[in-house]
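Q: any chance you can model this:
(chains A, B and C)
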Amino acid sequence: MKKVPLGSHLVDSFLPWLTCVAMLVALAMVFLYVPNERVQGEVQRIFYFHLPSAWMAFLGFFIVAGASAAFLWQGKRSADLLAQAAAELGMVFCSLVLLTGPLWARPIWGVWWTWDPRLTMTLVLWLIYAAYVLLRVFAGDNETVARYAAVLGIVGVIDIPLLYISIRLWRGIHPKVEQMAPEMAWTLLVCTGAFVCVFTWLLRLRLRSLHLRDEIRALRQHVVAAS
Amino acid sequence: MSTWVVEAQNLHKTFAWTPVLNDISCRIAPAEAVGIFGLNGAGKTTLLRLLATLLKPTAGRLTLFGLDSSELAVRRKIGFLGHESYLYPDLTPEENLTFYGKAYQVPDLKDRIAQQLEYVGLQDWRTMPVRYFSRGMEQRLSLARALLHGPDLLLLDEPDTGLDPRALSTLHATLAQAKDRKKTVMLTSHDFARSRELCTRALILHRGRIAWQSEEALRPGSGQALPSPQEFVELYTACTR
Amino acid sequence: MWAILWKDILLELRTKERVSALFVLALLIILVFVFALTPEQLKQPAFGSALLWVALVFAGMLSIQRALILEQERNCFAGLLLCPIDPGQVFFAKFLSNVFFLTVVEAVVAPLTLALLGLSFSVSLLGLPLVLLLGIIGFSALGTLCAAIAVRTRAREIILPLMLLPLLVPLFIAAVHVTGALLVGEVWTGTWFRVLVAFDVIFVVTGWLTFGFVVQE
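A: Residues are numbered from 1 along each chain as shown, chains lettered A, B, ... in the order given. Reported below is the predicted structural model:
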């Protein structure tokens, strides 16, 4: 039986701990270290999770596109699984953005939701992710569907600049991050680092479970064939 | 330039990430008539669809008429008759054949179509939509479609199932003609006794592998003779055990 | 490529089901909106332009799905793939046949919508056919690609809108704005118009390049 390529065990053994520590430091910085924002007060602290989530959602999208292109190019199963795992994770982080956004918007803007460009953009991205994940759910798991998903992943990324332009033209502007106090910048940096850790860890876990699923399937086939 | 019509080197094909065809290597010379035998699910149809360039091999090299199978020019030399007819039910035989003829850029299309319709005995039905055809009539028209562009390699997927007597006799005539004109035929079947007289060579697929094949022939008649039906049954049980 | 287009049109002439179904569906969508909105709202050009495009998108989705379901019966798509035709050309043929049918339907539905909404016809409306055509082109390009994917999965009637609608957002916003500007007689060839053209170019090229991956097994 072929061994599943699960990467180095070293990374897998220290990544959870690193993530744990980074997340604890990030939490401590957000709640204890960084000062209140002058105008928005306490609520603004959610921003340190909101913004990194958005970046991770974008990161997920680009991994999907890259892995999809690699899959169409070489047809390797691992590229296909990477795209799938990244899409699922991207959707999770997209959901986080859509959850933390309204939590902040309610006290500051007085509404749960506004059709502000970036919120709208995130919502549309979430919908594209959802279509991608559902396509895989509905269509099953084989080479053809993998190619369909890869094409959809690439088309999705091509759509992003157009979406961005049209949504920007359509409505006003998101709160711009102006001059940040050094404490704020540091906190944001650490939070982003912590999110990258979480993202990578979850991605590896998901990839591993997908590879194991393949292995189980192959073993099952083996058993059926032998009997 | 290779003299082989089909040259398959270590072909693999997976579906749903599990192998359907494994390490298929074979060479087919012009004017051969090759029967592919095997149980259901042995990979016969997949192999034929690979040869028809309907599927791409997952790994390995497939050369047809000395060209890589991904070349479009190869397709002009292949005629394929599958389980389904590939005919548009709402179009008439004439319209269906006109469409395929244009797609293959067949010269003198009108005459060619009339000739083909007569050949399969459907000239009286040429203006009736295919939807109203019987299964046998549709199969015959499908045969006309596969032969329309005068292919040098004819691929037939289980041609002996679901054909009416009229279609069967047309088919036998086609195969006899193909032999005379040095055209190559490959067909799948699970009934050796019935297909034996049609073939000059046999190949047994089992679980996606070639379990047995009779010797290659470059010139017609130079390959080894086919086993008798009894011998074949023994051979078959031996290699599919 | 022209052979496929010719065949699609011939099939439609024979059955006449696609265009008539599309036409009725577009009218029904407009009717639903007319009932949902107040007469004052209906008079506003912004609603008129939105209405026009909502009807087009939903009727268009049906049309595009039909175009590929046609090929599924008796597995004709495999027959198409047997032919010595490049997948890019198959894409163009299917794309053009969709553009053709949607244009035919819109040629009737668009003037009818404007008349039903009581919008006055003016000189500036001469640009409307061009804008509609550009919208149809972008829609058909992306739609053909998505439908080719959706049609060979189970639950295809769910999966097509799920894939297509979010990707169409830029086209939809741009088209509605250009049409809105047209209806009130403002300059309509500005940035929005360029977004519309860019969308068309980008997705016609994308569809042409990626169609091979979708259809070849």
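
Q: can you say which helix or strand has the closest residue to residue C:1 other than its chain neighbours in it?
A: Leaving out its chain neighbours, the residue that sits closest to residue C:1 by CB to CB, 6 or more residues apart in numbering or on different chains is residue C:89, at 4.3 Å. In short, each C-beta sits where N, CA and C put it, glycine included. If you go by DSSP states H and E, residue C:89 is part of helix C:87-116.

Q: packing partners for that helix?
A: Applying 3 or more CB pairs under 8 Å, 6 or more residues apart in numbering or on different chains; DSSP states H and E, one finds that helix C:87-116 makes contact with helix C:2-15, helix C:17-36, helix C:45-72, helix C:76-82, helix C:128-150, helix C:191-215.

Q: distance to residue B:229 and mean neighbour count for the ones you listed - can I get that in TSV?
A: Formatted as TSV, the helices and strands packed on helix C:87-116 follow (distance: least, CB to CB, whole Å; neighbours: other CB atoms under 10 Å in any protein chain shown):
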stretch	distance to residue B:229	mean neighbour count
helix C:2-15	45	18
helix C:17-36	51	16
helix C:45-72	40	21
helix C:76-82	33	22
helix C:128-150	46	25
helix C:191-215	42	19
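
Q: what segments of chain A are helices?
A: Assigned by DSSP state H, the helices in chain A fall at A:9-28, A:47-74, A:77-109, A:117-139, A:143-170, A:182-226.

Q: how about the ones you listed in CSV, adding distance to residue B:24 and mean neighbour count?
A: Formatted as CSV, these follow (distance: least, CB to CB, whole Å; neighbours: other CB under 10 Å):
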stretch, distance to residue B:24, mean neighbour count
helix A:9-28, 38, 14
helix A:47-74, 22, 20
helix A:77-109, 21, 20
helix A:117-139, 28, 20
helix A:143-170, 18, 21
helix A:182-226, 18, 16
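
Q: now do the contacts for residue C:18.
A: C:12, C:63, C:66, C:67, C:101 (CB atoms under 8 Å, 6 or more residues apart in numbering or on different chains).

Q: which one among those residues gets closest to residue C:147?
A: For the contacts of residue C:18, the residue nearest residue C:147 by CB to CB is residue C:67; the value is 7.1 Å.

Q: I'd say that closest one and residue C:140 touch.
A: No - Residue C:67 is beyond contact range of residue C:140, at 9.3 Å (criterion: CB atoms under 8 Å).

Q: and for those two, which residues touch both?
A: residue C:98.

Q: any figure for the gap between the residue lying closest to residue A:157 once chain neighbours are set aside and residue C:200?
A: In this structure, residue A:157 finds its nearest non-sequential neighbour in residue A:65, 3.9 Å apart by CB to CB, 6+ apart. From residue A:65 across to residue C:200, the span is 22 Å (CB to CB, to the nearest Å).

Q: can you check residue A:215 too?
A: Taking CB to CB, one finds residue A:215 at 45 Å from residue C:200.

Q: which residue sits closest to the spatially most central residue of chain A, ignoring its sequence neighbours?
A: The centre of chain A sits closest to residue A:90, judged by CA atoms, centre = their mean, with a distance of 2.6 Å. Closest residue to residue A:90 apart from its sequence neighbours, by CB to CB, 6+ apart: residue A:60 at 2.4 Å.

Q: repeat that for residue A:42.
A: residue A:36 (6.3 Å).

Q: what's the neighbour count on residue B:102?
A: 17 (other CB atoms under 10 Å in any protein chain shown).

Q: which residues of chain A lie near chain B?
A: Residues of chain A lying near chain B by CB under 8 Å from any CB of the partner chain: A:75, A:77, A:140, A:141, A:142, A:143, A:214, A:217, A:218, A:221, A:225.

Q: how about the worst-scoring helix or strand of chain C on mean pLDDT: buried residues?
A: Taking mean pLDDT, DSSP states H and E as the measure, the helices and strands of chain C show their lowest mean at helix C:39-43, namely a mean of 79. In terms of neighbour count (16 or more other CB atoms under 10 Å in any protein chain shown), helix C:39-43 has its buried residues at residue C:42.

Q: so residue C:72 sits against residue C:150, correct?
A: No - the pair residue C:72 / residue C:150 is not scored as a contact, 11.3 Å apart, by CB under 8 Å.

Q: and residue C:165, what does it touch?
A: Going by CB under 8 Å, 6+ apart, the list of residues near residue C:165 reads A:127, C:57.

Q: just the CA trace of stretch A:147-157, in PDB.
A: C-alpha atoms of stretch A:147-157 as PDB (Å, rounded to 0.1, in the frame of the first residue of the first chain):
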ATOM      1  CA  ARG A 147     -11.700  19.500 -13.100                       C
ATOM      2  CA  TYR A 148     -15.100  21.200 -12.800                       C
ATOM      3  CA  ALA A 149     -14.100  22.600  -9.400                       C
ATOM      4  CA  ALA A 150     -10.700  23.700 -10.600                       C
ATOM      5  CA  VAL A 151     -12.300  25.600 -13.500                       C
ATOM      6  CA  LEU A 152     -14.800  27.200 -11.100                       C
ATOM      7  CA  GLY A 153     -11.900  28.100  -8.700                       C
ATOM      8  CA  ILE A 154     -10.000  29.800 -11.400                       C
ATOM      9  CA  VAL A 155     -13.100  31.600 -12.800                       C
ATOM     10  CA  GLY A 156     -13.800  32.800  -9.300                       C
ATOM     11  CA  VAL A 157     -10.400  34.400  -8.900                       C
END
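
Q: contacts for it?
A: By CB under 8 Å, 6+ apart, stretch A:147-157 touches A:61-62, A:64-65, A:67-69, A:71-72, A:80, A:83-84, A:87, A:128, A:131-132, A:135-136, A:139, C:142, C:145-146, C:149, C:153, C:163, C:167, C:203, C:206, C:210, C:213-214.

Q: any weak-confidence spans in chain A?
A: Applying pLDDT under 70 to chain A flags the ranges A:1-9, A:38, A:172-179.

Q: with adjacent residues omitted, what lies nearest to the residue in chain B that chain C sits nearest to?
A: Closest residue of chain B to chain C, CB to the nearest CB: residue B:86 (2.9 Å). Nearest non-adjacent residue to residue B:86, counting by CB to CB, 6+ apart: residue C:79, 2.9 Å away.
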